[in-house]
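[1] just to be clear, the model below is a prediction. Sequence and coordinates:
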Amino acid sequence: MQYAAISLNLDSLGEAYGWPSGYPDPSFFQIADRFFQIARKYDFKYSIYVVGKDLEKPENRERVRAWARDGHEIGNHSWLHQMDLGAMSRAAIYEDVKHAHDAIAETTGSAPRGFISPAWNTSRTLYTVLSELGYEYDTSIFPSWIMFPVIAKNLYNHLGNKKFFAILKRKDWLTLAFGTRGVCQKQGVTVLPLPTNRFRVACWHTLGFMIGWKRHLQLLKSCLREIDAFYYLIHPADLMDRRDLDPGRKVPLERLGTPLEEKIHHLERAIENILQSGRKIITMSELARRHKII
């Protein structure tokens, strides 16, 4: 039996808007509900990585608590979603990761086991902090040249935004081009790199909106054949509708021109392909334990 996991990075609209006071974030409600409807349809649990500051709102915290009670894994996606997290000082990284770690533990009743860095921005220092905090696994390595055009697009999307220069601050440029495609250990933490095919083309759901769904399904199938520790990474914007947005605020998100019904179809088709490959969908923590390097 082979296995796969579905990783939901909960990059919220609240974070994109700068956490405005009193803003009811649909990322935790109607948008999230679309994902859970699909999970119920195909009978699996997500691994959901939340931004810690989102948990300052009681309504968001209660939703995350309910997801954990329902069996979904809750992981750490940092406190402030800073795109240069891996390049920051050790003290700053520790403060950010630990703050989110404590907020998640308080919300769900158990400490998170897994982490993913914003923008897949990693460093040796980050792994040292994760090891010190007892993390079992990390999914922050992006071993693909695809990141270079992604960075360029992010820079364009964030022109005039305070995040612009943070996007360029990385210590893992060589990892993007030459990093391992297989499970590895970093400072005692099991690392599951983002799945790539033999040409180092990374496979995650958002890419389908960029390269077309026929090519994307070919990529997905090739990664399912080649990667044993396979997981499929998704984001809230993958099932976001224009009506979810606050018309008075700007948000640098791709794929908003695709109708919601079409988005649901694309995600369901991807999940069907994962299941048709003979894999059972489990949580990321379970996947990491099955592939832990002794």
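    Good, I have the coordinates.
[2] in this protein, which helix is the longest?
    For the chain, the helix with the greatest residue count under DSSP state H is helix 90-108.
[3] centre of the chain to it, how far?
    Taking Cα atoms, centre = their mean, to the nearest Å, one finds the center of helix 90-108 at 17 Å from the center of the full chain.
[4] list the buried ones in it?
    Along helix 90-108, the positions that meet the burial threshold by neighbour count (16 or more other Cβ atoms under 10 Å) are 93-94, 96-104, 107-108. Quick note: C-beta positions are derived from backbone N, CA and C, even for glycine.
[5] what lies in contact with that helix?
    Applying Cβ atoms under 8 Å, 6 or more residues apart in numbering, the external contacts of helix 90-108 come out as 50-53, 55-56, 61, 64-65, 68, 74-80, 82, 85-86, 88, 111-112, 115, 125-126, 128-130, 132-133.
[6] before we move on, the earlier item: closest to residue 178 out of the buried residues of helix 90-108?
    Proximity to residue 178 was ranked across these by Cβ to Cβ; first place goes to residue 93, at 23.4 Å.
[7] pLDDT score assigned to the closest one?
    Per-residue pLDDT puts residue 93 at 98.
[8] what of residue 294?
    Per-residue confidence for residue 294 comes out at a pLDDT of 58.
[9] run a quick neighbour tally on residue 293.
    Neighbourhood size, residue 293 [other Cβ atoms under 10 Å]: 9.
[10] repeat that for residue 183.
    Counted with other Cβ under 10 Å, residues neighbouring residue 183 total 19.
[11] so who does the closest residue to it other than its chain neighbours touch?
    Distance criterion Cβ to Cβ, 6 or more residues apart in numbering; nearest residue to residue 183, sequence neighbours excluded, is residue 291 at 4.6 Å. By Cβ under 8 Å, 6+ apart, the residues touching residue 291 are 183, 190, 192, 228, 229.
[12] my guess is the first one contacts residue 229, does it?
    Yes: the pair formed by residue 183 and residue 229 meets the contact definition of Cβ atoms under 8 Å, at 5.1 Å.
[13] what is in contact with these two at once?
    192, 291.
[14] ends of stretch 201-215, what's the gap?
    End-to-end distance for stretch 201-215: 11 Å, by Cα to Cα, to the nearest Å.
[15] quick one: mean pLDDT over that stretch.
    Model confidence over stretch 201-215, given as mean pLDDT, is 96.
[16] so what touches it?
    Contacts with stretch 201-215, where a contact means Cβ under 8 Å, 6+ apart, come from 142-144, 146-147, 194-197, 216-217, 219-220, 223, 232-235, 237-238, 254-255, 258, 266-267, 269-270.
[17] any of those buried? List them.
    Neighbour-count burial (16+ other Cβ under 10 Å) is assigned, among these, to 142-144, 146-147, 194-197, 216, 219-220, 223, 232-235, 237-238, 255, 258, 266-267, 270.
[18] in strands, which of those residues fall?
    Among the buried ones among the contacts of stretch 201-215, the members falling in strands (DSSP state E) are 232, 233, 234.
[19] which among those gets closest to residue 34?
    For these, the closest approach to residue 34 (Cβ to Cβ) belongs to residue 234, at 11.1 Å.
[20] and the closest one, what are its bridge partners?
    Applying DSSP bridges to residue 234 gives these bridge partners: residue 8.
[21] that one reaches residue 10, doesn't it?
    No: when contacts are counted by Cβ under 8 Å, residue 234 is not listed as touching residue 10 (9.9 Å).
[22] helices of the chain, start to end?
    For the chain, the helices defined by DSSP H cover 13-16, 30-42, 58-69, 90-108, 124-132, 147-157, 164-168, 173-178, 207-211, 213-226, 260-276, 284-290.
[23] of all the ones you listed, which lies closest to residue 5?
    Set against residue 5 and scored by Cβ to Cβ, the helices of the chain come closest in helix 284-290, at 4.6 Å.
[24] now do the buried residues in that closest one.
    Here helix 284-290 shows 284, 285, 286, 287, 288 as buried, counting by 16+ other Cβ under 10 Å.
[25] can I get these in JSON lines including distance to residue 247 and pLDDT?
    Output for the buried residues of helix 284-290, formatted as JSON lines (distance: Cβ to Cβ, whole Å; pLDDT from 0 to 100):
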{"residue": "284", "distance to residue 247": "35", "pLDDT": "98"}
{"residue": "285", "distance to residue 247": "39", "pLDDT": "98"}
{"residue": "286", "distance to residue 247": "41", "pLDDT": "98"}
{"residue": "287", "distance to residue 247": "40", "pLDDT": "98"}
{"residue": "288", "distance to residue 247": "41", "pLDDT": "97"}
